[in-house]
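**Q** Quick check, what structure comes out for this input:
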Amino acid sequence: MNHGVEKDYQESIQVNVDEARLADSWQKIEHRLEPKRPKYLVPAGLGLAAAAAAVLLTVARSTPPEPIAPIKPRIVAQLEQPLLSQADTQEHRLVDGSSIKLQPHSRVEVLSQSPRLVNLSLRKGRALFRVNPESERRWLIQVAQNQVEVTGTIFEVRRLSHRMEVRVDEGSVLVRGPNIPDGVQKLQKGDSLGVELKKLDSEKPPKSPDKTAALSEKETKRSRRRLAPRQKSEPLPKAVETKQMAEETKPALPSVAELMDGADEARGEANYGRALALLAKARNYPEDFQAAVAVLTRGRLAQRLGKYREAAGDIEWSLSHNLPQALRETALVRLAKVYRSADDPAAAARVARKYLQNYPRGNYQEAMKELAE
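**A** Have a look, this model is predicted:
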């Protein structure tokens, strides 16, 4: 070996040893030894190896240890539904390079998927989304009445009981909804937004009927005279008093969000009958767009269970009651397929023709043309 090269090589591997730090490292190593462990003479070669290890440990003290690599997530073509995380963080990756990382105790509902659109609903917890801009797929994240829209970015959405938070790490997103200032906000890298999830009038439980609505006109007038100011208070008639007590003790109806949360829990427990029953109650809120989403969810569940007639009725109802535009194309496709499964080719052809008319450049042209014939 050339002497110059050998000298450079030796200099490159020299390590400046701090005797004080080396002694401190030895003390820590000895402290970690088990007290009952017998002491043996260490061969010279092993002693040198231990000294070298101690030197390396001392030099690398300032460098934090690398975390244990997590289990690689499974890469899938379609997201499973619903996406749930229990006590651990879970990551779901798609073949196009996009991914969703759910924090513990979070829940995401997959509303629809197509080559051009992924529509999800964050029901609970927090999720980090990495959307590959090269996939050219639009992503919609529903949070209560609000919507986050992206085509390629990294962002996090968090849903609390009465609050929604969005943070953008890369790219930009559009946040729309009745709870958003001015109805829409554009967030760019480094921006964040937090809003209170105020209940809309259409989301609140229906008001109880007028306490005197069922009374005769004569009884109503008598009750008003007795309740009028400057009049001596008198006990109400027995019928009126009984009706008032019944109305006051009547439990409040759950909101659409509560119905959907209950249905999610029932589905997680494989209690599909209860899930169907809860989602069916969303029809009591025809003006709330969440009701249309809930009933559509019921239709999808009924389809999976082989209840095709029920599924068709649910999807038809959702399409006629404020279903968000982003869900209407895939809902029509699903409805046509449900009718085909229900052995109703005429209804399937009718829905397929409607799809071709409404979406002349849709993603499901070939499949709908076959059903329309």
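**Q** Could you use CA atoms for every contact and neighbour count after this?
**A** Will do.
**Q** how about Ser114, what does it touch?
**A** Ser114 is in contact with Thr330, Asn363, counting by Cα atoms under 8 Å, 6 or more residues apart in numbering.
**Q** swap in Gln90?
**A** Contacts of Gln90 (Cα under 8 Å, 6+ apart): Pro73, Lys101, Leu102, Gln103, Pro104.
**Q** Now distance to Ser172 and pLDDT too, for these, in TSV please.
**A** Output for the contacts of Gln90, formatted as TSV (distance: Cα to Cα, whole Å; pLDDT from 0 to 100):
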residue	distance to Ser172	pLDDT
Pro73	26	58
Lys101	19	91
Leu102	20	89
Gln103	22	89
Pro104	26	88
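**Q** what's around the nearest residue to His162 once chain neighbours are set aside, how many residues?
**A** Closest residue to His162 apart from its sequence neighbours, by Cα to Cα, 6 or more residues apart in numbering: Leu197 at 5.0 Å. Leu197 is flanked by 19 other residues according to other Cα atoms under 10 Å.
**Q** any idea how far Leu197 is from Asn363?
**A** 34 Å (Cα to Cα, to the nearest Å).
**Q** Same question for Arg267.
**A** 30 Å.
**Q** do Ser106 as well
**A** Counting by Cα to Cα, the gap from Ser106 to Asn363 is 31 Å.
**Q** These two: which is more packed in?
**A** Higher neighbour count among Ser106 and Asn363: Ser106, with 23 against 16, using other Cα under 10 Å.
**Q** And for the strand ranked longest in the chain, what's in contact with it?
**A** For the chain, the strand that runs over the most residues, judged by DSSP state E, is strand 117-131. For strand 117-131, contacts defined as Cα under 8 Å, 6+ apart pick out 97-113, 137-144, 150-160, 261, 326-327.
**Q** Which residues outside the helix or strand harbouring Leu296 are in contact with it?
**A** Using DSSP states H and E, Leu296 sits in helix 289-304. With contacts defined as Cα under 8 Å, 6+ apart, helix 289-304 is touched by 111, 144-145, 256-257, 260, 275-276, 279-280, 282-283, 285-286, 308, 310-315, 317-319, 321-324, 331, 338.
**Q** Tell me the buried residues in stretch 88-108?
**A** Neighbour counts over stretch 88-108 (16 or more other Cα atoms under 10 Å) mark 90-94, 96, 98-104, 106-108 as buried.
**Q** Could you do stretch 165-178 as well?
**A** Buried residues in stretch 165-178 (16+ other Cα under 10 Å): 165-173, 175-178.
**Q** tell me the SS of Pro104?
**A** Assigned by DSSP: H, G, I helix; E, B strand; the rest coil, the conformation of Pro104 is coil.
**Q** my guess is it meets Glu91, correct?
**A** No - Pro104 is beyond contact range of Glu91, at 10.8 Å (criterion: Cα atoms under 8 Å).
**Q** and the helix or strand hosting Val166, C-alpha only, in PDB?
**A** For Val166, the host element (DSSP H and E) is strand 163-170. Output in PDB follows, covering the C-alpha atoms of strand 163-170 (Å, rounded to 0.1, in the frame of the first residue of the first chain):
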ATOM      1  CA  ARG A 163     -65.200  22.000  16.200                       C
ATOM      2  CA  MET A 164     -63.400  21.500  12.900                       C
ATOM      3  CA  GLU A 165     -59.700  22.200  12.300                       C
ATOM      4  CA  VAL A 166     -57.800  22.200   9.000                       C
ATOM      5  CA  ARG A 167     -54.000  22.600   8.600                       C
ATOM      6  CA  VAL A 168     -52.100  22.700   5.300                       C
ATOM      7  CA  ASP A 169     -48.500  21.400   5.100                       C
ATOM      8  CA  GLU A 170     -48.100  21.500   1.300                       C
END
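**Q** ranges for the strands of the chain?
**A** Under DSSP E, the chain gives strands at 75-76, 83-84, 90-94, 99-102, 107-113, 117-131, 138-143, 146-150, 153-159, 163-170, 172-176, 184-188, 192-196.
**Q** need the ones you listed in CSV with distance to Gln357, can you?
**A** Output for the strands of the chain, formatted as CSV (distance: least, Cα to Cα, whole Å):
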stretch, distance to Gln357
strand 75-76, 32
strand 83-84, 34
strand 90-94, 31
strand 99-102, 34
strand 107-113, 21
strand 117-131, 20
strand 138-143, 23
strand 146-150, 26
strand 153-159, 33
strand 163-170, 37
strand 172-176, 28
strand 184-188, 31
strand 192-196, 39
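**Q** Okay then, goodbye and thanks.
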